[in-house]
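S.K.: Kindly return the folded structure for what I paste below:
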Amino acid sequence: MATTAITRKKLSGSTNGTGILVTGTATGASVTVHTVSANQDEIHIWATNADLTSEYTVVIEMAGTTDPKDTIKRTVPAGGTLKVVDGITLSNSAGVVKAWSVTTGSKISLFGHINEIV
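M.R.: Modelled structure (predicted):
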């Protein structure tokens, strides 16, 4: 019988688990959030909007850039925090999860973790 191990890890695009600032405003300028491992990565990401007066839309590219197949778009309210990826699993080194802001960069930060399933 096979044994399954689950290990909680920080997003690989984060330094020591800190927030990842979304600076880019187009897919070509997106920031790396997480590089998918050869195992199964269950991904959890929250977005925080530092602007207290305006909402911003963040685009999460789930190992691809084809819209709508590979992208998740969520509008984060002014001064708010919103879960934008809730346990979506990517595996077998599927690629890189990236993010960019639709209108203005450096207003959204991403926080989160993965559960690596072996």
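S.K.: So, low pLDDT: which residues of the chain?
M.R.: 1 (pLDDT under 70).
S.K.: Break down it into its helices, ranges please.
M.R.: Applying DSSP state H to the chain gives no helices.
S.K.: Tell me how far G13 lies from T25.
M.R.: 18 Å (C-beta to C-beta, to the nearest Å). Backbone N, C-alpha and C define where each C-beta goes, glycine included.
S.K.: now H34
M.R.: Distance of H34 to T25, computed by C-beta to C-beta: 20 Å.
S.K.: So which of the two has more stuff around it?
M.R.: Neighbour count, other C-beta atoms under 10 Å: between H34 and T25, H34 has more, with 28 against 16.
S.K.: Contacts only, for that one.
M.R.: L11, S12, G13, D41, I43, V96, V97, I114 (C-beta atoms under 8 Å, 6 or more residues apart in numbering).
S.K.: repeat that for 6 Å
M.R.: Shown in contact with H34 (C-beta atoms under 6 Å, 6 or more residues apart in numbering): L11, S12, G13, V97.
S.K.: Distance-wise, check it relative to K98.
M.R.: 9 Å.
S.K.: Could I get the buried residue list for stretch 37-56?
M.R.: Of all the residues in stretch 37-56, those buried under the rule 16 or more other C-beta atoms under 10 Å are S37, Q40, D41, E42, I43, H44, I45, W46, A47, N49, D51, Y56.
S.K.: State the pair within these that is farthest apart.
M.R.: Q40 and D51 (35.1 Å; C-beta to C-beta).
S.K.: Fine, thanks again, bye for now.
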